[in-house]
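K.L.:
Need a 3D model of the sequence below.
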Amino acid sequence: MRPGPLFFRALFWLVVAAIALFLLLPTLVIVPISFTAESTIRFPPQGFSLQWYQNVVTSPAWRAATLTSLETALGTAVLSMVLGTAAALFLARVPFRGKAIVRGILLSPLVTPVIVLAVGIYLVFARWGLSGTLASLILAHTVLALPFVLVSVTASLQSVNPNLELAGLGLGASRAYTFRRVLLPLIAPGVASGGIFAFITSWDEVVVAIFLTDPGLRTVPVLIWSQLRAELDPTMAAVGTILIAVSALGLGAITLLKTRNS
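P.N.:
Next comes the predicted model:
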């Protein structure tokens with residue numbers, strides 16, 4: 001007797017669930033560890049305590065790193081949305097030779113090894129005197145995050161009827177007014193989704209940040225890396241749990257935007 005479609009469907013979802021567990025469990029295991037009452041990292045955790053989260057909140061180093069990460073991520077999101085939306089509009093609306101090459105260059109950070117980008121960005125910024133500044137972090141993370149905005153906005157533009165823009169222009173509206181009142185509201189979900197992706201990219205990034213930060217300017221992932229080399233306690237698990245929660249909220253917001261837009 002040959003197995004039916006129901007069997008293959010169940011087998012497919014079983015494989016998907018197994019892969020998801022394989023990818024997620026090593027990450028999620030730090031969540032219960034962050035609530036342990038012991039001073040060492042061990043699984044399963046013993047007891048329950050919030051002291052490690054209290055350490056994160058009361059430590060000046062962690063507060064400063066969190067503020068730096070938030071400023072960097074917000075700046076990256078804003079700059080990526082502006083530049084990514086402009087690039088997507090230019091590629092979608094302006095015909096010119098070499099468009100595929102320009103698109104490939106803009107999307108290249110997605111496939112270029114991060115360590116290669118980190119070394120190149122560090123060498124350029126060091127020559128310009130930007131290394132160790134908040135501006136260098138925002139600019140570098142924008143390079144990494146811009147492709148996400150470009151892809152998201154391009155997808156939104158493909159679903160927009162060009163006749164709507166032509167109607168606005170035909171009625172005497174300027175291009176700026178047409179963009180602000182007609183086109184922008186239509187592609188806003190794509191712009192917002194790209195901005196959230198950019199925020200998450202910057203929030204979790206560590207390789208480029210290691211090259212561009214110094215002891216007086218460190219992001220949360222960089223501080224985690226520094227602390228791991230010195231000592232290992234459940235505070236690392238608490239910080240990791242916070243990073244996971246922020247990223248999960250961002251992905252949830254993107255899913256909500258796509259659901260409302262569909």
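K.L.:
Now do the helices in this structure.
P.N.:
5-28, 30-33, 51-58, 60-93, 99-107, 114-128, 134-158, 162-170, 175-178, 184-204, 207-212, 220-230, 234-261 (DSSP state H).
K.L.:
List the contacts of the helix or strand of the chain with the lowest mean pLDDT.
P.N.:
Each helix and strand of the chain was given a mean pLDDT (mean pLDDT, DSSP states H and E); the minimum falls on helix 162-170 at a mean of 72. Under the criterion Cβ atoms under 8 Å, 6 or more residues apart in numbering, residues 175, 177-178, 181-183, 186 lie in contact with helix 162-170. (Each C-beta comes from the backbone N, C-alpha and C, glycine too.)
K.L.:
ok so, going back, how about a markdown table for the helices of the chain, with mean neighbour count and distance to residue 42 added?
P.N.:
Below are these laid out as a markdown table (neighbours: other Cβ atoms under 10 Å; distance: least, Cβ to Cβ, whole Å):
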| stretch | mean neighbour count | distance to residue 42 |
| --- | --- | --- |
| helix 5-28 | 10 | 16 |
| helix 30-33 | 17 | 8 |
| helix 51-58 | 15 | 13 |
| helix 60-93 | 19 | 22 |
| helix 99-107 | 13 | 43 |
| helix 114-128 | 15 | 31 |
| helix 134-158 | 22 | 35 |
| helix 162-170 | 13 | 60 |
| helix 175-178 | 12 | 60 |
| helix 184-204 | 22 | 25 |
| helix 207-212 | 22 | 28 |
| helix 220-230 | 17 | 16 |
| helix 234-261 | 17 | 9 |
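K.L.:
Let's have the contacts of helix 162-170 in a markdown table, adding pLDDT.
P.N.:
Shown next, in a markdown table, are the contacts of helix 162-170 (pLDDT from 0 to 100):
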| residue | pLDDT |
| --- | --- |
| 175 | 74 |
| 177 | 73 |
| 178 | 77 |
| 181 | 79 |
| 182 | 76 |
| 183 | 77 |
| 186 | 80 |
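K.L.:
I'd like the residues you listed as TSV, with distance to residue 49 appended.
P.N.:
Shown next, in TSV, are the contacts of helix 162-170 (distance: Cβ to Cβ, whole Å):
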residue	distance to residue 49
175	59
177	58
178	58
181	54
182	55
183	52
186	50
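K.L.:
how close does the closest residue to residue 38 other than its chain neighbours get to residue 40?
P.N.:
Leaving aside its sequence neighbours, residue 38 sits nearest to residue 46 (Cβ to Cβ, 6 or more residues apart in numbering; 5.2 Å). Distance, residue 46 to residue 40, using Cβ to Cβ, to the nearest Å: 9 Å.
K.L.:
quick one: the least confident helix or strand of the chain to chain centroid distance?
P.N.:
34 Å (Cα atoms, centre = their mean, to the nearest Å).
K.L.:
Would you mind getting the angle between it and helix 60-93?
P.N.:
Using axes from the mean of the first three to the mean of the last three Cα atoms, to 10 degrees, the inter-axis angle of helix 162-170 relative to helix 60-93 is 80 degrees.
K.L.:
relative to helix 184-204, how tilted is helix 162-170?
P.N.:
Using the same axes, to 10 degrees: helix 162-170 against helix 184-204 is 120 degrees.
K.L.:
Just the C-alphas of helix 162-170, formatted as CSV.
P.N.:
The C-alpha trace of helix 162-170 is given here as CSV (Å, rounded to 0.1, in the frame of the first residue of the first chain):
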residue,chain,number,x,y,z
PRO,A,162,2.1,53.2,-11.7
ASN,A,163,-1.1,54.8,-13.1
LEU,A,164,-1.8,56.1,-9.6
GLU,A,165,1.3,58.3,-9.7
LEU,A,166,0.6,59.3,-13.3
ALA,A,167,-3.0,60.3,-12.2
GLY,A,168,-1.6,62.6,-9.5
LEU,A,169,0.9,64.2,-11.8
GLY,A,170,-1.7,64.6,-14.5
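K.L.:
and residue 204, what does it touch?
P.N.:
Taking Cβ under 8 Å, 6+ apart, one finds 221, 243, 247 in contact with residue 204.
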